[in-house]
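Novice: I'll drop the sequence and a predicted model, then ask my questions.
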Amino acid sequence: MDQIAFRIGGFAIHWYGILAAAGFLAGLWTASRRAARSPLPRQAIADLGPWLILGTLAGARVWFVAAYWREEFSGQPLWQIFNVRGGGLVFYGGLAGAALTTLAFARLRRLPLWELADALAPSIALGHAFGRVGCFIHGCCYGTPTRLPWAVHYHDALNGAGVGLHPTQLYEALLLLALYGTLAWQYRRKRFAGQTFSFYLLGYATLRFAVEFFRGDYGTQHFGGLKPGQAFSVVAFAAGLWLFAARSRAATASPRPVPDRIDTLHVEVSQPRTRLDAFLRERFPGVSRVHLQRLIRDGAVRVNGAAVKPTHAPLAGKPSPSRGPRPAPSTLTPRELPLQVVFEDDQLVVLDKAPGMVVHPAGGHEDNTLVHALLHHCQGRLSGIGGVARPGLVHRLDQFTSGLLVVAKDDATHLELARQFAERDVIKLYDALLCGELARESGEIQAAIARHPSHRKVMTVREGGRAARTGYRVLERLHGATLVEARLHTGRTHQIRVHFQHLGHPLVGT
């Protein structure tokens, strides 16, 4: 089997390199499509891709050089270390390099690490399958001698030219494709972030351990009676079990209690153009800006021991710790109104809000709101972070919008849920009926939203407003109307109505 696909002048292009590149491209493409259905930003995988390739190649090569220094590199020119065109990569080293790269990328971009790992997990198996076919053509990672009808023969095999060998590369490639299909199916049904990646570790460690029984390219390398691949498979399997248990516990654990005292923040660099309330909002995304302004006005936040206004610009120094005020007792009267409870436990309630019901008291709607009904249903046990008018409310829905609404029963749960909304761990999907027929089957609207300059109660697309992003796809085309699924990547007031009005297809009935 010829290892060289073609030549460009005197430069040989190997099949191994072609298939490795194809594996990377297939993996990144499928992962990007998967990420589009996750809380991750749309460009996350595309931005990660080049760094992931470099990290994977570096890790795989370093592992190979360290493991085969004596056999392959001792006495050879140092530039041979960097010659990867003809093979010489170890998968577990590549996995370690990719993991470190992904961890660094997630931290720098402030992305949810385990959502990113889940989106990549099936694609790792797919890309690896391409690589194993490259190994088959190159002649590395071959199997033990066999007389089976599908035995392969290499003219330069280390254990004798012409000897029939198990095609372990193809065994593993087929098993990896099966693993890819299984993980892609499981990803759409996962119950918590990190589950798909933990299943990948468990699945790959199992299939690799089994295939290693037929590998014949290790010589005398063994670890406690196990071949190197089997030894590392045991480690990967244990890591998968630990990850599954840890992430499962984290998904079901009760939120930690909120301490009474705010931590001291050290301001290292003066920020003359940043208001104090905005400065604190960046550091406490789970607390609304209105609530932070209230805390500042009540003297619960102090700068170098002095009370300040929300408009104060943080200078180099430190806000002194201070106890926040206890939530004021609600002045609202509980009302026994019908509620459709979808889920409830000691920490939260998930409601199916009916269209027409106002969520919280506001001008013109002072009574019989959803909050009044919640006060009766929960007997007043709601978080106080939203204030007396909005107890328990983590997010809102418009009066005539129906859908799921999450309500927190305590402050710890409220903060954690708000963090998940702020970091886009929560996927928000809405069905909307639009006037007219959309030209495209899917798309994305990115347009800043602000209050109308003349009509302050009306939101509109306006330069200088807050960034807003809405994705959509057509579900059904009707006569003179289009039913779409809208996905909110931000949470601006009346965002869906404003964005589709801006697109020239207002919601039916508005």
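Specialist: Alright, I've got the coordinates. This one's a predicted model, so the numbers in the text were calculated from it and none came from an experiment.
Novice: partners of the longest strand along the chain, with directions?
Specialist: For the chain, the strand with the greatest residue count under DSSP state E is strand 469-478. Applying DSSP bridges to the sheet, strand 469-478 is found paired with strand 442-446 (antiparallel), strand 481-488 (antiparallel).
Novice: what about that strand, average pLDDT?
Specialist: Mean per-residue pLDDT for strand 469-478: 94.
Novice: follow-up on the earlier one: tell me which of the strands paired with strand 469-478 sits most buried.
Specialist: strand 481-488 (a mean of 18; mean count of other CB atoms under 10 Å). Every residue, glycine included, has its C-beta placed from N, CA and C.
Novice: Can you name the element that comes right after that strand?
Specialist: helix 495-503 (DSSP states H and E).
Novice: Return the distance of that following helix from the chain's centre.
Specialist: Taking CA atoms, centre = their mean, to the nearest Å, one finds the center of helix 495-503 at 26 Å from the center of the full chain.
Novice: and it, C-alpha only, in PDB?
Specialist: The C-alpha coordinates for helix 495-503 follow below in PDB (Å, rounded to 0.1, in the frame of the first residue of the first chain):
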ATOM      1  CA  GLN A 495     -36.700  41.500  21.800                       C
ATOM      2  CA  ILE A 496     -38.600  39.000  19.600                       C
ATOM      3  CA  ARG A 497     -41.300  41.600  18.700                       C
ATOM      4  CA  VAL A 498     -38.800  44.400  18.100                       C
ATOM      5  CA  HIS A 499     -36.400  42.200  16.000                       C
ATOM      6  CA  PHE A 500     -39.100  40.800  13.700                       C
ATOM      7  CA  GLN A 501     -40.700  44.200  13.300                       C
ATOM      8  CA  HIS A 502     -37.300  45.500  12.200                       C
ATOM      9  CA  LEU A 503     -37.100  42.600   9.700                       C
END
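Novice: how far off strand 442-446 does it point, in degrees?
Specialist: 100 degrees (axes from the mean of the first three to the mean of the last three CA atoms, to 10 degrees).
Novice: And helix 495-503, what does it pack against?
Specialist: strand 428-435, strand 442-446, strand 449-451, strand 459-461, strand 469-478, strand 481-488 (3 or more CB pairs under 8 Å, 6 or more residues apart in numbering; DSSP states H and E).
Novice: what's the angle between the longest one and strand 428-435?
Specialist: When you say that, I think you mean strand 469-478. Relative orientation of strand 469-478 versus strand 428-435 (the same axes, to 10 degrees): 50 degrees.
Novice: quick one: secondary structure of the residue nearest the centre of the chain?
Specialist: By CA atoms, centre = their mean, the chain has its centre lying nearest to residue 115, at 2.8 Å. Residue 115 falls in the helix class when you classify it by DSSP: H, G, I helix; E, B strand; the rest coil.
Novice: wait, what's in contact with residue 491?
Specialist: Residues near residue 491 by CB atoms under 8 Å, 6 or more residues apart in numbering: 395, 421, 428.
Novice: Report the lowest-confidence entry in those residues.
Specialist: Within these, pLDDT is lowest for residue 421, at 81.
Novice: what's near enough to touch that residue?
Specialist: Residue 421 is in contact with 394-395, 491, counting by CB under 8 Å, 6+ apart.
Novice: Please identify the helix or strand for it.
Specialist: Using DSSP H and E, the element containing residue 421 is helix 411-422.
Novice: Then residue 28?
Specialist: helix 15-35.
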